[in-house]
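Trainee: Sequence first, predicted coordinates after that:
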Amino acid sequence: MQTFTGVGVSPGRIIGPIRQMPHPISEPASGERLPEGVTAEEATAALKSAAKAVHDGLKARSETVSGDGKAVLEATALMATDTMLLKAAAKLIGRGTSSERAIWEAGASVAEMLHNLGGYMAERAADVLDVRSRIVAELRGVPAPGIPASATPFILVAEDLAPADTATLDPETILALVTAGGGPQSHTAIIARSLGLPAVVAATGVDQLPDGAEVYVDGAAGTITAEPDESQRAAAAAWSATASLLAAFDGTGTTADGHLVPLLANVGGAKDAAAAAALNAQGVGLFRTEFCFLERDTEPSVEEQAAAYKGVFDAFPGKKVVLRTLDAGADKPLPFLTDATEPNPALGVRGYRTDFTTPGVLERQLQAVALAEKESEADVWVMAPMISTAEEAARFASLCAEAGVKTPGVMVEVPSAALTAEAILREVSFASLGTNDLTQYAMAADRQLGPLAALNTPWQPAVLRLVGLTVEGSAAEGHSKPVGVCGEAAADPALAVVLTGLGVSTLSMTARSLAAVATVLKTVTLSEAQELAKLALSASSATEARAWVREKLPVLEELGL
Ligand code: PEP
Ligand code: MG
C-alpha cells in the first residue's frame, strides 16, 4: 500500500480509478521542415487522416453526452475536418513545412480570421486552437490535451488545473481531483470546492501513478493511497452515507446565539449565480468578472459586459451582489490587459494595477456595471482587486462615483492594505478580505506552487493577525465599515468560525460549502467563536492553530468535514 501526502482542500473520501491529465501540447518549432524522404503528398495524407481521427473521436464523445457539452463537442468535431483549415495547412506542406507546424500555423490564421469576424464566429476561434493541438497530438502519437474523456467515472490527476479547465470538467464523471502541484489557494482548490469534489493538492509523486490504478482519496486528511484496504473501503462507504446527512443551508447564516453572519456565494457568471441562489446563498460576496472573459483576447464591449453582469444580478433580486472589477494577471491572464512576459506576474501589473498600463478599461467596466444595475433589482456593490494604498482606494471610489456606481469597496489581499485598513476604509464603503492572495503575499509563497503548500494556508497566525488588523481598522473612530471574507478561508467551516470570532461581518464561498459552514457556525456562540479566534492567534504555527480549533469543534469529525 503506497500513500502520497498532500494538502486536503475539499473534504470527502472516495475510491476509484485514476486518469492522468496529459501534458499540454508544445508548439512545433517555427520553420520545422518535412522530414527527409517524406513527400508533401504523404505528409498531407497523414495530416488528413489525423484530422479525421480527431473528428471521429470527438463525434463519438459527443454521442455519450447531452446538453451544452454535446453541442460544443459536435462543433469542435466539425472544425477538425474544416476544408479551409486543411487546405491552408496543405498549402504550407506543399512549401516544405512539416505537417505539425503546418496545421499549427494554419490553425492560428483561421483562428485570427474567425476572431476578426466577431460574434458567434469569434467564439469558434478557441475551437480551432483546440483542434490544432489535438491534430498535432494525433500526429505525434501522444494523448490528446485537456481533461481525458471517459464513459466511466474516474479520479482526475493533474499537475495543476487552470480556471479555463473548469469549462470541460464534467462533475458527473469526475470523482475527485488530485494534483502533484498547486497549493491550497490555487484554482484547482477553488474549482474542486465549487464542484463539491474531494480534492488533494501538492501530492508529490501522484503523477507517476499509472492510468487505471485504483486509489483511495481522503480530501480532509490530504492523502491518496494506492491499492486501498478494507478499512479504507469502509471509510469511503461511510462518507457517502454522512455526506447526505449534512442539512441543506436554510438561507440564514447565524451563530448558536443568533449573531447573524450572512453567508454569500462566490460566482463566475450567471450559471453559478443561479446555482448559488438555488442553494439559498444570501447574495453574492464575490463575482469574479474576469471569469466571464477568460477566453477573450480583446476587451468585451460595454453592452456585452452589461449583459454578463445582469445575468448574475438577476439571480439575486433585492439581495446584495458584490462585483469585483477585472482581476487580470498572474494565474488569470487576460491578453487584452496583461503582459505575458512579466518576470514576476504575481507582483506585477495585475488587478486594479492594469489601470496604470491600460487606462480606460476600468472606466468602461464601471459604465457596464452601472448599466446592468439600472436594469436589475440587485443591491450592487463594486470592489477593486489588489488595492495596496489609500490613494488607490480614493481614486477607485471617484471612478465609481463618476460612473454612477453607488457602493465602492476594495479587496484586502495585499498586506499593506490590511496594515493601513483604517485609512483605506475612510475612502470606500466596505472591504472584502481575499485570503488567497493575502496569504500568498504575507508568506511570500506563490499560491500555485505545491512545494510551498505548507506556508500557503490561511491558518497561518500571521494571516489571521492581518485579518484582525483589517477588522480593527474598519471599526476605527469616526467610521465603521463592513469587512467580509471572500477567499477560500471562508469555505473551511472551522476557519469560518475563527473569522467570525475575529469580527468579519460576512463570509463568501463557493455555494457548495454553504451547508457545511452554516451547520458548524450554528454550533458555537459568538463568544465561543471569539475564544477560538484568540486560541488560533496564540498558536505558534498554522498546523497548531488548525489542530487546536478543530479539537474544540467535534461536529467536524462527526460530519467528516
Ligand atoms: C483572493 O485572493 O482571496 C480572492 C478571493 O481572489 P482570487 O482567488 O480570485 O485571486
Ligand atoms: Mg485575489
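Mentor: Everything's here; your move. Numbers count the residues shown, from 1 in each chain. Ligands and ions are numbered 1, 2, ... in the order given.
Trainee: Need the residues that contact the top strand by length along the chain.
Mentor: Under DSSP state E, the strand in the chain containing the largest number of residues is strand 13-20. Applying Cβ atoms under 8 Å, 6 or more residues apart in numbering, the contact partners of strand 13-20 are 148, 150, 152-158, 175-176, 178, 198, 207, 209, 211-220, 228, 232-233, 235-236, 238-239, 560. C-betas here are computed from N, CA, C, even on glycine.
Trainee: Quick one: distance of the very next helix or strand once past it to the chain centre.
Mentor: Downstream of strand 13-20, the next assigned helix or strand under DSSP states H and E is helix 40-62. Mean C-alpha position of helix 40-62 versus that of the full chain (Cα atoms, centre = their mean, to the nearest Å) differs by 33 Å.
Trainee: again with stretch 433-440
Mentor: Mean C-alpha position of stretch 433-440 versus that of the full chain (Cα atoms, centre = their mean) differs by 14 Å.
Trainee: ok, now stretch 408-420?
Mentor: Using Cα atoms, centre = their mean, the offset of stretch 408-420 from its chain centre is 21 Å.
Trainee: For it, give the mean pLDDT please.
Mentor: Stretch 408-420 carries an average pLDDT of 98.
Trainee: Any residue of it touching ligand 1?
Mentor: Yes - judged by Cβ under 6 Å from any ligand atom, stretch 408-420 comes into contact with ligand 1 through residue 413.
Trainee: number of nearby residues for the single nearest residue of the stretch 451-561 of the chain relative to ligand 1?
Mentor: Residue nearest to ligand 1 within the stretch 451-561 of the chain: residue 487 (3.0 Å; Cβ to the nearest ligand atom). Using other Cβ atoms under 10 Å, residue 487 has 29 neighbouring residues.
Trainee: Let's see the pLDDT reported for the nearest residue to residue 53 once chain neighbours are set aside.
Mentor: Spatial nearest neighbour of residue 53, chain neighbours left out: residue 138 (5.3 Å); criterion: Cβ to Cβ, 6 or more residues apart in numbering. Listed pLDDT for residue 138 reads 94.
Trainee: Near residue 138, how many other residues are there?
Mentor: There are 23 residues near residue 138, going by other Cβ under 10 Å.
Trainee: Please tell me I have it right and it contacts residue 144.
Mentor: Yes - contact criterion Cβ atoms under 8 Å: residue 138 and residue 144 qualify, at 7.4 Å.
Trainee: hey, what's in contact with both of these two?
Mentor: residue 54.
Trainee: what about residue 178, which helix or strand?
Mentor: strand 174-179.
Trainee: next structured bit after that strand?
Mentor: helix 187-195.
Trainee: Can you name the helix or strand that the residue nearest to residue 53 falls in?
Mentor: Counting by DSSP H and E, residue 138 is part of helix 119-140.
Trainee: Over to residue 416?
Mentor: helix 415-419.
Trainee: quick one, strands of the stretch 151-300 of the chain?
Mentor: 154-158, 174-179, 199-201, 214-218, 223-226, 263-267, 283-288 (DSSP state E, counting those that start in this stretch).
Trainee: distance of residue 94 from residue 40?
Mentor: Plainly put, residue 94 is 5 Å away from residue 40 if you go by Cβ to Cβ, to the nearest Å.
Trainee: Compare neighbour counts for those two and give me the winner.
Mentor: Set residue 94 next to residue 40 and count neighbours by other Cβ under 10 Å: residue 40 wins out with 18 against 13.
Trainee: residues contacting the more buried one?
Mentor: With the criterion set at Cβ under 8 Å, 6+ apart, residue 40 makes contact with 34, 93, 94, 96.
Trainee: Can you tell me how far it is from residue 63?
Mentor: 35 Å.
Trainee: What of residue 449?
Mentor: 40 Å.
Trainee: Name the spans of the stretch 151-300 of the chain whose pLDDT lies under the cut-off.
Mentor: 163-164, 166-168, 243-245 (pLDDT under 70).
Trainee: Repeat the analysis, applying 90 as the threshold.
Mentor: The model of the stretch 151-300 of the chain has pLDDT under 90 over residues 151-152, 159-173, 181-196, 220-221, 238-248, 294-297.
Trainee: How about the residues of it by ligand 1?
Mentor: 286, 288.
Trainee: just the stretch 301-450 of the chain next, same as before
Mentor: 327, 413, 434, 435, 436, 437.
Trainee: okay but the fifth one is in contact with residue 193, surely?
Mentor: I take that to be residue 436. No - applying Cβ under 8 Å as the test, residue 436 and residue 193 come out as separate, 11.7 Å apart.
Trainee: Quick test: name the residue nearest the centre of this protein.
Mentor: residue 187 (4.0 Å; Cα atoms, centre = their mean).
Trainee: wait, what's in contact with it?
Mentor: For residue 187, the contact set (Cβ under 8 Å, 6+ apart) comprises 160, 161, 162, 163, 331.
Trainee: Repeat that for residue 446.
Mentor: Residue 446 neighbours (Cβ under 8 Å, 6+ apart): 183, 346, 440, 452, 456.
Trainee: Show me the residues you listed that map onto helices.
Mentor: When the contacts of residue 446 are checked against helices (DSSP state H), the matches are residue 440.
Trainee: Most neighbours among the contacts of residue 446, which one?
Mentor: Busiest of these [other Cβ under 10 Å] is residue 183, holding 31 neighbours.
Trainee: didn't that residue look like it was pressed against residue 190?
Mentor: No - the pair residue 183 / residue 190 is not scored as a contact, 11.1 Å apart, by Cβ under 8 Å.
Trainee: List the buried residues of the host helix or strand of residue 111.
Mentor: Following DSSP H and E, one finds residue 111 within helix 99-117. By neighbour count with 16 or more other Cβ atoms under 10 Å, helix 99-117 contains the buried residues 99-108, 110-111, 114-115.
Trainee: Rank those residues by pLDDT and give me only the lowest.
Mentor: Of all of those, residue 115 carries the lowest confidence score, 78.
Trainee: Leaving out chain neighbours, which residue sits closest to that residue?
Mentor: residue 125 is the one closest to residue 115 (Cβ to Cβ, 6+ apart), at 4.5 Å.
Trainee: how many neighbours does that neighbour have?
Mentor: Based on other Cβ under 10 Å, the number of other residues close to residue 125 is 22.
Trainee: Just confirm residue 432 contacts residue 486, I think it does.
Mentor: Yes - assessed by Cβ under 8 Å, residue 432 is found in contact with residue 486 at 4.8 Å.
Trainee: Quick check: neighbours shared by those two?
Mentor: Contacts common to residue 432 and residue 486, judged by Cβ under 8 Å, 6+ apart, are 285, 286, 322, 411, 508.
Trainee: Cool, thanks, signing off.
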